[in-house]
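any chance you could fold what I've pasted below:
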Amino acid sequence: QVQLVESGGGLIQPGGSLRLSCAGSGTMHGVWVRGWYRQAPGNQREWVASITENGSKNYADPAKGRFFISRDNAKDTVYLQMYNLRPEDTGVYYCNADPRYFTDPAADFGPWGQGTQVTVSS
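Here you go, the predicted structure:
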């Protein structure tokens, strides 16, 4: 089973930048796709961005123009570069698959890791 490990979070002032990393190899349900998600205190986990095996990228509206997802195949790592961070970006960031790209409609996420905390505050 694919296990993904997130890193790179921290405390950052509004307007600052961070790059998160998601390390791990392999497909889930036969599909290679990686998604970033975040969960703010008291809120449900929400999708942020995804990247597919052919390099197609998609972003949630709050991330468009500020967050950029990429991958380094040699390092089996997916990145989320975040610019112009805002207090509302605070939360625990996770990576996982994106079930919307699975061919099996019953297939679901892989195991969730511990995530990496991002705190945007002055």
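
for the residue nearest the centre of the chain, give me its contacts.
What sits nearest the mean C-alpha location of the chain, by CA atoms, centre = their mean, is W36, with 1.7 Å. If you count contacts by CB atoms under 8 Å, 6 or more residues apart in numbering, W36 has them with 20, 22, 47-50, 67, 69, 78, 80, 93-95. (Glycine included, C-beta is placed from N, CA and C.)

tell me which element it is part of?
Per DSSP states H and E, W36 falls inside strand 33-39.

returning to that earlier point: the nearest residue to the residue nearest to the centre of the chain once chain neighbours are set aside is in what secondary structure piece?
Nearest residue to W36 in three dimensions, chain neighbours excluded: V48, at 4.3 Å (CB to CB, 6 or more residues apart in numbering). Applying DSSP H and E as the criterion places V48 in strand 46-52.

how about the contacts of W36 in TSV, adding distance to V5?
Below are those laid out as TSV (distance: CB to CB, whole Å):
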residue	distance to V5
L20	11
C22	7
W47	19
V48	17
A49	18
S50	18
F67	20
I69	17
V78	11
L80	14
Y93	12
Y94	10
C95	8
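
most neighbours among those residues, which one?
C95 (30 neighbours; other CB atoms under 10 Å).

and the gap between it and T77?
For C95, the distance to T77 equals 10 Å [CB to CB, to the nearest Å].

which neighbours do these two have in common?
C22.

if we can go back for a sec, how about the CA coordinates for the strand holding W36, as PDB?
The C-alpha coordinates for strand 33-39 follow below in PDB (Å, rounded to 0.1, in the frame of the first residue of the first chain):
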ATOM      1  CA  VAL A  33      -2.300  10.900  -9.200                       C
ATOM      2  CA  ARG A  34      -1.400  13.000  -6.200                       C
ATOM      3  CA  GLY A  35      -3.600  15.500  -4.500                       C
ATOM      4  CA  TRP A  36      -2.900  18.100  -1.700                       C
ATOM      5  CA  TYR A  37      -5.600  18.600   0.900                       C
ATOM      6  CA  ARG A  38      -5.800  20.800   4.000                       C
ATOM      7  CA  GLN A  39      -7.800  20.900   7.100                       C
END
